[in-house]
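[1] From the sequence below, what's the structure:
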Amino acid sequence: MLFFSAALVTVAVVAAYDIDCKWKSNISDIEDVAHHKYQVLEECLFYKLTSEADRMQDKSNALMMLPPTVAAGETLEVQVLDGSITEMWMNEVFKEMNINGFLKLSWKDRRLRWNPEEWKTENLRLKSMGRLWSPDINSDKLQTGAQSTDFVNYHDIQSNYNGNVTARLEFRMKAQCSIDYTEYPNDRKHCCFNLQSTLYKRYVKFIMEHGDGHEMLDTKNIRTNWHVDPTWTWIMKLNQDNDNRAERLEVCVGVVRKSSTLAVELTLPVLISALILLLAPFFGKFHQQIYVKMFALLLQFMSFQFLSEKTPQLGFGDNIPKIYIFYAFTVGMTVLSLIATVMISAMSRVKRKVPPAHRYTLLASLLNANLCCGSEEEPTTDGTSSKMSQDATSDWLQIHSALNNLSSILLIFIYIIGAIVIAF
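    Residues are numbered from 1 along each chain as shown. From the prediction side, this is the model:
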């Protein structure tokens, strides 16, 4: 009895659709049809296609439940037309990036074919994705605990009279990132996620509209505080990890931090201290140079403390940022310069009665006269010292001053060359 009632309802619905669609033969221009009547026409066409698909595949609701191919060994070619990233934001603690966007896909469904002259329309819009079978393209993390955060859904599904189906696959993904902190604070992040079929692994084959996947992902309308690097952004077709005959789509986004204020905050103090270090030899006497270098060292330690506060919570991993290397190199050169000046200053205070070799004295005088660095005043005497002692002290002071000038010039050249190597 229940079956008989359902059959009567089905016959009544079919009759109703046949009645509603008879007027289509009187249409000359589909543009003149009212909006609500066009929707009725689409529903009538979809019902016709559904009935034909049920007879073709010998199963009810075949258009909704079964893939379009029927022969064994056939595959479905899903064409990736293009894609777009609309939003992204970064979780730097867990090294994950949340990405919102969509892919435009197309595939062939032979069941969605009709005569456009009879039905007066070349396109059919499907108002619900549940009314048509579509490739089960999902995140590769769908079977894990991460499925609560990943989201994939079809929108704007429509077909033309040849059976070409187009749809927009919208996604919200949590991508895993590899981070390169070498240029910190302008660090680079490369984040990727995969889309693949789970139920039809070997059945779904991806065809890329453009051979170069770099041209297929649009990031112009993205809203983010990161700079998107197009050379590290792509859609690529790869094989699934556990099955070489199954394919997957890898979507990758490369970004570089845009934070000029943070870069200035971190680099300006150490650049000032480095400038003080370079100018220290020109401040005059030994004790003045020592004070200047100690001040530069203090400023560098304060700057390093500020840099440490800006370090990510979990550190930099295997990468050592260039700015850290530059800080350490600057501190090391400052310490070496300070030690050299302190030792030379200490040696210059030792009273010597034996004068140095005359050629060393001439060389020291020549260096001190041509090097634009600091010089020491000759020691004063109380009138009781011998002339030899006075001359020896003055000569040794010239030599010590020349040694300090040479060491300062050498350290300056080493520092400049080292800074250039670190920067490039």
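[2] Tell me which stretches of the stretch 201-350 of the chain form strands.
    204-208, 217-218, 226-228, 234-240, 243-257 (DSSP state E, counting those that start in this stretch).
[3] do you know which of these lies nearest Glu117?
    Distance to Glu117, taken as C-beta to C-beta, is lowest for strand 204-208 among these, at 30.4 Å. From N, CA and C alone the C-beta is placed, and that goes for glycine too.
[4] in this structure, what secondary structure element scores lowest on mean pLDDT?
    Every helix and strand of the chain was ranked by mean pLDDT, DSSP states H and E. The lowest is helix 2-21, at a mean of 46.
[5] Please name every helix or strand in contact with the strand or helix carrying Arg359.
    In the assignment (DSSP states H and E), Arg359 maps to helix 358-370. Counting contacts by 3 or more C-beta pairs under 8 Å, 6 or more residues apart in numbering; DSSP states H and E, helix 358-370 is packed against helix 387-423.
[6] if you average pLDDT over the helix it packs on, what comes out?
    Helix 387-423 comes out with an average pLDDT of 82.
[7] same question, stretch 236-254
    88.
[8] Quick check: buried residues in it?
    Neighbour counts over stretch 236-254 (16 or more other C-beta atoms under 10 Å) mark 236, 240, 246-254 as buried.
[9] Can you name the two of these that sit furthest apart?
    Greatest spacing in the buried residues of stretch 236-254, by C-beta to C-beta: Ala246 and Gly254 (26.2 Å).
[10] returning to what we had before: okay, the angle between the helix holding Arg359 and helix 387-423?
    Interaxial angle, helix 358-370 versus helix 387-423 (axes from the mean of the first three to the mean of the last three C-alpha atoms, to 10 degrees): 50 degrees.
[11] Residues in contact with helix 358-370: which ones?
    355, 375, 395, 398-399, 401-402, 405-406 (C-beta atoms under 8 Å, 6 or more residues apart in numbering).
[12] one more time with 7 Å, if that's ok
    375, 395, 398-399, 401-402, 405-406 (C-beta atoms under 7 Å, 6 or more residues apart in numbering).
[13] Please parse this protein into its domains.
    1-66, 73-257, 260-423 (automatic domain parsing).
[14] looking at those, which one has the lowest mean pLDDT?
    domain 1-66 (a mean of 67).
[15] Pull the distance from stretch 163-174 to the chain's centre.
    The chain centroid and the centroid of stretch 163-174 are separated by 24 Å under C-alpha atoms, centre = their mean, to the nearest Å.
[16] ok, now stretch 181-197?
    4 Å.
[17] got the CA positions of it in CSV?
    In CSV, the C-alpha atoms belonging to stretch 181-197 read as follows (Å, rounded to 0.1, in the frame of the first residue of the first chain):
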residue,chain,number,x,y,z
TYR,A,181,64.5,33.1,10.0
THR,A,182,67.7,34.0,8.2
GLU,A,183,66.5,37.5,7.3
TYR,A,184,64.6,38.1,10.6
PRO,A,185,62.6,40.3,11.2
ASN,A,186,61.9,39.9,7.5
ASP,A,187,61.6,36.2,7.9
ARG,A,188,60.2,34.0,5.2
LYS,A,189,57.4,31.4,5.6
HIS,A,190,56.5,28.7,3.1
CYS,A,191,53.1,27.1,4.0
CYS,A,192,51.5,24.2,2.1
PHE,A,193,48.4,22.1,2.3
ASN,A,194,47.1,19.2,0.2
LEU,A,195,43.7,18.6,-1.5
GLN,A,196,42.9,15.0,-2.6
SER,A,197,40.2,12.5,-3.1
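[18] Now the residue most central in space within the chain: closest residue in space that isn't a chain neighbour?
    With distances taken as C-alpha atoms, centre = their mean, the chain has Val255 as the residue nearest its mean C-alpha position (2.6 Å). In this structure, Val255 finds its nearest non-sequential neighbour in Trp226, 3.9 Å apart by C-beta to C-beta, 6 or more residues apart in numbering.
[19] now swap in Trp89 and tell me
    Using C-beta to C-beta, 6+ apart, the nearest residue to Trp89 is Asn98, at 5.3 Å.
[20] cool, and Ser345?
    Phe286 (3.7 Å).
[21] wait, the one you found sits on Thr341?
    Yes. Counting by C-beta atoms under 7 Å, Phe286 touches Thr341, with 6.2 Å between them.
[22] what's the overlap in contacts for those two?
    Shared contacts of Phe286 and Thr341, counting by C-beta under 7 Å, 6+ apart, come down to Asn404.
[23] Looking at the two, which has the bigger crowd around it?
    Ranked by neighbour count (other C-beta atoms under 10 Å), Phe286 and Thr341 place Thr341 first, with 24 against 21.
[24] what sits against that one?
    Per C-beta under 7 Å, 6+ apart, neighbours of Thr341: 286, 289-290, 293, 404.
[25] now those in a markdown table, with distance to Arg349?
    Below are the contacts of Thr341 laid out as a markdown table (distance: C-beta to C-beta, whole Å):
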| residue | distance to Arg349 |
| --- | --- |
| Phe286 | 9 |
| Gln289 | 15 |
| Ile290 | 13 |
| Lys293 | 18 |
| Asn404 | 13 |
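[26] with those in mind, which one is nearest to Ala175?
    Relative to Ala175, and with distances defined as C-beta to C-beta, the nearest of the contacts of Thr341 is Lys293, at 48.0 Å.
[27] right, and the closest one touches Thr334 too?
    Yes. Here Lys293 lies in contact with Thr334, judged by C-beta under 7 Å, at a distance of 6.1 Å.
[28] hey, what's in contact with both of these two?
    Leu277.
[29] Do I have it right that the residue nearest to the centre of the chain meets Lys189?
    Yes. Using C-beta under 7 Å, Val255 is in contact with Lys189, at 5.2 Å.
[30] Met88 - how many residues pack around it?
    22.
[31] Pull the contacting residues for it.
    The neighbours of Met88, taking C-beta under 7 Å, 6+ apart as the test, are 97-99, 222, 224, 253.
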